[in-house]
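Colleague: please find the sequence and the predicted model below.
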Amino acid sequence: MSIIESALGKLRGPAANRQPSGRAQPAAEGIRHGVSAPSYIQWPDSQRAPIDVSVERLQALGLFCPGPDIVRVENEMRPLRREVVGAAQKVNTTTGTPVGPVVAVTSAFAGEGKSFTSLALALSVAAADEHEVLLVDGDCVRQTISTALTDVRDAGFADLLRNETFSPEALCLPTSRPRLRFLPAGAFGRGDLDLFSVDRVTRVCGALARLYEGHLVVIDLPPVLVSDDAATVANAAGQVLLVIRAGQSLQDSVLEAVKAIGESVPVGVVLNDWQPDMLVDKRAYESYSAYNPPA
């Protein structure tokens, strides 16, 4: 079961000396406050029925955790949401540009919980009822979220890369959560292996950033050590969340994954599937759980 403990902080210094962390760090070191006030997004009229993203359906599809773990996951997503949203509204002092709304979620290898983390973060942002959020399936090969939620014929992220005349507004699908929209992976085949060029990715990420200025775009990417496409998108994003799985991810793999991401991009770490087995962690978690509000 995927349980999240989050830590968002810049892994600084030369790539060879970067060290991952599974504990909370100051948010996005190297970032200072900027301004970006949310504004209402004008969506074109659509006759399409909203995608059902109820917890019950997501559980049935195997995309979300079962009932007993929901409250814990929701509680653990709140600090991650606050850190990510806060960082998006700041300025990257390395580049002098706004961090902006685009958040890329990746991992070193498959099976570490990146898709679950992307979905859980998007749901958390939507539930807070303060910002619009777009969940993007940027894993155009596996298309885990798209296959479960939408028709395989739906245009999406790959189509935006392929054709610059396509409008993101027309492809972002409504969901049963009023503040959440979904952009599927789109059509992708063997002939599209060169689709993720730097120019195309920069153009599409820029268009999504402009559309969601002051809000949030969460892109679920392939594992960064498996796909060069993931690194290209990550380097075009404002910030990156690197998901590592407790007891599974190897430290060398995590360091290699960090190396694949540009030095100027703020990188956060999400420790997934952490369990309070150690006595000190168990006591801390029991104390934390005592503050859960009654159902």
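Modeller: Yes, it's here.
Colleague: how close does residue 139 get to residue 186?
Modeller: 11 Å (C-beta to C-beta, to the nearest Å). For glycine as for every other residue, the C-beta is placed from the backbone atoms N, C-alpha and C.
Colleague: equivalent analysis for residue 209, please.
Modeller: 19 Å.
Colleague: between these two, which one's more packed in?
Modeller: residue 186 (26 against 20; other C-beta atoms under 10 Å).
Colleague: thought the more buried one was touching residue 155?
Modeller: Yes - at 5.2 Å, residue 186 counts as touching residue 155 under the criterion of C-beta atoms under 8 Å.
Colleague: need the overlap of contacts for these two.
Modeller: residue 171 (C-beta atoms under 8 Å, 6 or more residues apart in numbering).
Colleague: buried set for the strand or helix carrying residue 82?
Modeller: Taking DSSP states H and E as the definition, one finds residue 82 inside helix 67-88. Judged by neighbour count (16 or more other C-beta atoms under 10 Å), helix 67-88 contains these buried residues: 72-77, 79-81, 83-85, 87-88.
Colleague: ok, which stretches of this protein are strands?
Modeller: Secondary structure of the chain (DSSP state E): strands located at 4-7, 31-33, 90-92, 97-98, 102-107, 133-137, 173-174, 180-183, 216-220, 239-245, 267-272.
Colleague: relative to residue 147, which of those is closest?
Modeller: strand 133-137 (8.8 Å; C-beta to C-beta).
Colleague: which helices and strands does the closest one pack with?
Modeller: helix 114-128, helix 144-149, strand 180-183, helix 198-211, strand 216-220 (3 or more C-beta pairs under 8 Å, 6 or more residues apart in numbering; DSSP states H and E).
Colleague: looking at those, which is closest to residue 244?
Modeller: Per C-beta to C-beta, nearest to residue 244 of the helices and strands packed on strand 133-137: helix 114-128, 9.8 Å.
Colleague: with the buried residues of helix 67-88 in mind, which one is nearest to residue 102?
Modeller: Nearest to residue 102 among the buried residues of helix 67-88, with distances taken as C-beta to C-beta, is residue 88, at 8.2 Å.
Colleague: so who does that closest one touch?
Modeller: So residue 88 contacts 36, 99, 100, 101, 103, 216, 238, 239 (C-beta under 8 Å, 6+ apart).
Colleague: contact partners for the closest residue to the fourth one other than its chain neighbours?
Modeller: Which is residue 101. In space, and not counting its chain neighbours, residue 101 is closest to residue 212: 4.5 Å by C-beta to C-beta, 6 or more residues apart in numbering. Taking C-beta under 8 Å, 6+ apart, we find residue 212 in contact with 41, 101, 102, 132, 133, 134.
Colleague: most widely separated two among those?
Modeller: 41 and 102 (15.0 Å).
Colleague: more neighbours, these two?
Modeller: Counted by other C-beta under 10 Å, residue 41 and residue 102 do not tie: residue 102 has more neighbours, with 25 against 16.
Colleague: how close does that one sit to residue 68?
Modeller: For residue 102, the distance to residue 68 - C-beta to C-beta - is 34 Å.
Colleague: residue 220 touches residue 137, doesn't it?
Modeller: Yes - the pair residue 220 / residue 137 is scored as a contact, 5.6 Å apart, by C-beta under 8 Å.
Colleague: which residues of the protein score low on pLDDT?
Modeller: Where the chain drops to pLDDT under 70, the residues are 1-39, 275-295.
Colleague: one step back: next one: the helix holding residue 82 to chain centre, how far?
Modeller: 12 Å (C-alpha atoms, centre = their mean, to the nearest Å).
Colleague: got it, and stretch 241-253?
Modeller: 16 Å.
Colleague: show residues contacting it.
Modeller: 8, 20, 22, 84, 103-109, 111-114, 117, 121, 224-225, 254, 257-258, 261, 267-275.
Colleague: picking up where we left off before, as TSV, the strands of the chain with distance to residue 162 would be great.
Modeller: Shown next, in TSV, are the strands of the chain (distance: least, C-beta to C-beta, whole Å):
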stretch	distance to residue 162
strand 4-7	34
strand 31-33	33
strand 90-92	29
strand 97-98	27
strand 102-107	19
strand 133-137	15
strand 173-174	18
strand 180-183	14
strand 216-220	17
strand 239-245	24
strand 267-272	29
